[in-house]
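Visitor: One predicted model, sequence on top.
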Amino acid sequence: MMESRLRRLALALLEASAEAEPEVQQQLREALSGLGAADPEELLQCCGEYLRNHDKLPAPQRALILASMAAVVRSHLEELGKATAADAIALGALEISRAKEAQRDWQEAAAALLVELGRRFLARVMEELLRRFPPGALPPPGLLRTCADLAASNVFGMVPFLSSILGTLLPLLGTARADSMKCTLCYALQRFSESIQEYLAGQGQGPDPTVRGDAFAADLGAAFDTLSLQWGSSRDGKLRLAVLEALGPMSSLIPPEQLQEQLPKLLPAILGLYRKHPEPFSHLQEPVPGAGGRRGSGQPQSGGAAGAAPGGRCWPRSAPQPIPSSPRAARTTRSCCAASPSWLARSRSASRSGCCRAWSAVPSATAWGRCCCCATSSTAPLPKWKCRKFPSSLP
């Protein structure tokens, strides 16, 4: 019979995967996917039974089987019945919980299976994942990354779940001790914020038209403070970069007054990190909300920080403005500046004297420019510039 013959072929391939070389593993994965085209439900059931009956399979072999199952689901999702999907979802969640953090291939393969199933059976996937969240403690990193990937792959289905997920996670941010866990939390907050932005941008297509950005402002605002004030000063470069990647999309969802309050502390930290490690900043171009756009309306907000990305020189949007008359105005003006990479490279030796010497200038007849350290505006030639914060550090 066709089904029994398919099962025998699948078991033979699964047994052969135990000690296969990497190039052979790829061929085995393709062969299993090809069998799945004949009967996807039969293959998924066979793979699931094999994993459940062989608890001590090495992690690479488990990852290969789970990746093959994900490939079958990706190509034949509409052909799966609810019972088969439920068994595969329970298996994927179990495998993620069993895999250790160091066994990333195993975790990622199980997560890929759940993400593919979540494109059609999201409610069941989220029910299984949330059931495995330990009460009063942070969930395992693998579960958290899977939720983040689900938010990226199924925006309109996932955003209604985010209120409960954020309500569970945010009170526990302070309990994260390992830098790897903090990086995972930053990744999750980044994906959640990006999905909220996309949901608001296409709000008419979502299942719940009443969802507004204001509903997430308080929760994300508290997380923004934790990331920018505590984790952003970590010695771990990977964590600092993860914090910056999360703060970009989060900044358009938090209350604007909170963002204005944090910018004077946040921008020097970004510029300091850029001076030490400029390479990762090429993709950090997230806009910071400004005067344009209506919060919660789904329309993107135009802001000065779009031109303040650390990778480029800032050109004025209009004619030169007078020097701000108050410290608060000076702090606000500072958000419109950007550091010139070439100037930062030339000024590293002078930065030890105190002034970051982050400046932007327009090569015009007036040589107008603005200092990012103190927001000083001047038409004086560069050698006569004086930083208001560190007046003795400039020539």
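Guide: Ah, there it is.
Visitor: so where's the chain uncertain?
Guide: 1-3, 206, 276-395 (pLDDT under 70).
Visitor: I'd guessed Ala112 sits against Ser68; true?
Guide: No. At 10.6 Å, Ala112 and Ser68 do not qualify as touching, with contact defined as CB atoms under 8 Å. In short, each C-beta sits where N, CA and C put it, glycine included.
Visitor: What's the first helix or strand after the host helix or strand of Ser193?
Guide: When elements are assigned from DSSP states H and E, Ser193 belongs to helix 179-201. Proceeding N to C from helix 179-201, the next assigned helix or strand is helix 214-229, under DSSP H and E.
Visitor: could you point out which element follows that next one?
Guide: Per DSSP H and E, the first helix or strand lying C-terminal to helix 214-229 is helix 237-250.
Visitor: Give the buried residues for that next one.
Guide: Neighbour counts using 16 or more other CB atoms under 10 Å place 239-250 of helix 237-250 among the buried residues.
Visitor: Which secondary structure elements does that helix sit against?
Guide: The contact analysis (3 or more CB pairs under 8 Å, 6 or more residues apart in numbering; DSSP states H and E) places helix 237-250 against helix 179-201, helix 214-229, helix 256-276.
Visitor: So for Ala112 and Ser68, which residue has more residues nearby?
Guide: A direct count of neighbours by other CB atoms under 10 Å for Ala112 and Ser68 places Ser68 higher, at 29 against 21.
Visitor: who's in contact with the residue nearest to that one when sequence neighbours are not counted?
Guide: The spatially closest residue to Ser68, leaving aside those adjacent along the chain, is Leu32, at 3.9 Å (CB to CB, 6 or more residues apart in numbering). For Leu32, the contact set (CB atoms under 8 Å, 6 or more residues apart in numbering) comprises 10, 13-14, 43, 47, 65, 68, 71-72.
Visitor: Which members of those residues define the maximum pairwise distance?
Guide: Leu14 and Ala71 (14.5 Å; CB to CB).
Visitor: neighbour count winner among the two?
Guide: The neighbour comparison of Leu14 against Ala71 (other CB under 10 Å) goes to Leu14, with 22 against 19.
Visitor: list the contacts for Ile96?
Guide: Ile96 touches 107, 110-111, 114, 140, 142-143, 146, counting by CB under 8 Å, 6+ apart.
Visitor: just Ala99 next, same as before
Guide: 59, 106-107, 110, 142.
Visitor: Of those, which pair is most distant in space?
Guide: Ala59 and Gly142 (12.6 Å).
Visitor: which element is Leu11 on?
Guide: helix 2-16.
Visitor: in terms of contact count, name the helices or strands touching that helix.
Guide: Using 3+ CB pairs under 8 Å, 6+ apart: helix 2-16 touches helix 22-38, helix 40-53.
Visitor: by how many degrees do the helix or strand that Leu117 is a member of and helix 40-53 diverge?
Guide: Using DSSP H and E, Leu117 maps to helix 104-118. Here helix 104-118 points in a direction 140 degrees away from that of helix 40-53 (axes from the mean of the first three to the mean of the last three CA atoms, to 10 degrees).
Visitor: And the next helix or strand past helix 104-118?
Guide: helix 122-131.
Visitor: in that following helix, what counts as buried?
Guide: 122, 124-126, 128-129.
Visitor: Would you mind giving those as CSV with distance to Asp39 added?
Guide: CSV is the format used below for these (distance: CB to CB, whole Å):
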residue, distance to Asp39
Leu122, 25
Arg124, 22
Val125, 23
Met126, 28
Glu128, 25
Leu129, 28
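Visitor: show me the contacts for Leu28.
Guide: Leu28 touches 13, 16-17, 20, 64, 68, counting by CB under 8 Å, 6+ apart.
Visitor: What subset of those residues is buried?
Guide: 13, 17, 20, 64, 68.
Visitor: Quick check: the first one touching Glu30?
Guide: Same thing as Leu13. No. Between Leu13 and Glu30 no contact is recorded; they are 10.2 Å apart, counting by CB under 8 Å.
Visitor: Which neighbours do the two have in common?
Guide: Contacts common to Leu13 and Glu30, judged by CB under 8 Å, 6+ apart, are absent.
Visitor: Ala102 looks like it's in a helix, true?
Guide: No. According to DSSP: H, G, I helix; E, B strand; the rest coil, Ala102 belongs to no helix; its state is coil.
Visitor: From Ala112, how far off is it?
Guide: 18 Å (CB to CB, to the nearest Å).
Visitor: returning to what we had before: what's the helix holding Ser193 packed up against?
Guide: So helix 179-201, by 3+ CB pairs under 8 Å, 6+ apart, packs with helix 141-153, helix 155-169, helix 214-229, helix 237-250.
Visitor: now the longest one and helix 179-201, what's the angle there?
Guide: So the one you mean is helix 214-229. Using the same axes, to 10 degrees: helix 214-229 against helix 179-201 is 150 degrees.
Visitor: angle of helix 214-229 against helix 237-250?
Guide: Using the same axes, to 10 degrees: helix 214-229 against helix 237-250 is 150 degrees.
Visitor: likewise the second one?
Guide: Inter-element angle recorded for helix 155-169 and helix 237-250: 120 degrees (by the same axes, to 10 degrees).
Visitor: rewinding a little: which residues are in contact with the helix holding Leu11?
Guide: Contacts of helix 2-16 (CB under 8 Å, 6+ apart): 28, 31-32, 35, 38-39, 42-43, 46-47, 50, 65.
Visitor: residues of it that come out buried?
Guide: Buried residues in helix 2-16, defined by neighbour count with 16+ other CB under 10 Å: 6-7, 9-10, 13-14.
Visitor: Equivalent analysis for stretch 102-117, please.
Guide: Quick answer for stretch 102-117 (16+ other CB under 10 Å): 103-104, 106-117.
Visitor: Kindly report the same for stretch 34-54.
Guide: Buried-residue list, stretch 34-54, by 16+ other CB under 10 Å: 35-36, 39-48, 50-51.
Visitor: Distance to Pro268 added to those residues, as TSV?
Guide: Listed next are those as TSV, based on distance: CB to CB, whole Å:
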residue	distance to Pro268
Leu35	58
Gly36	54
Asp39	61
Pro40	55
Glu41	58
Glu42	60
Leu43	56
Leu44	53
Gln45	57
Cys46	58
Cys47	53
Gly48	53
Tyr50	56
Leu51	51
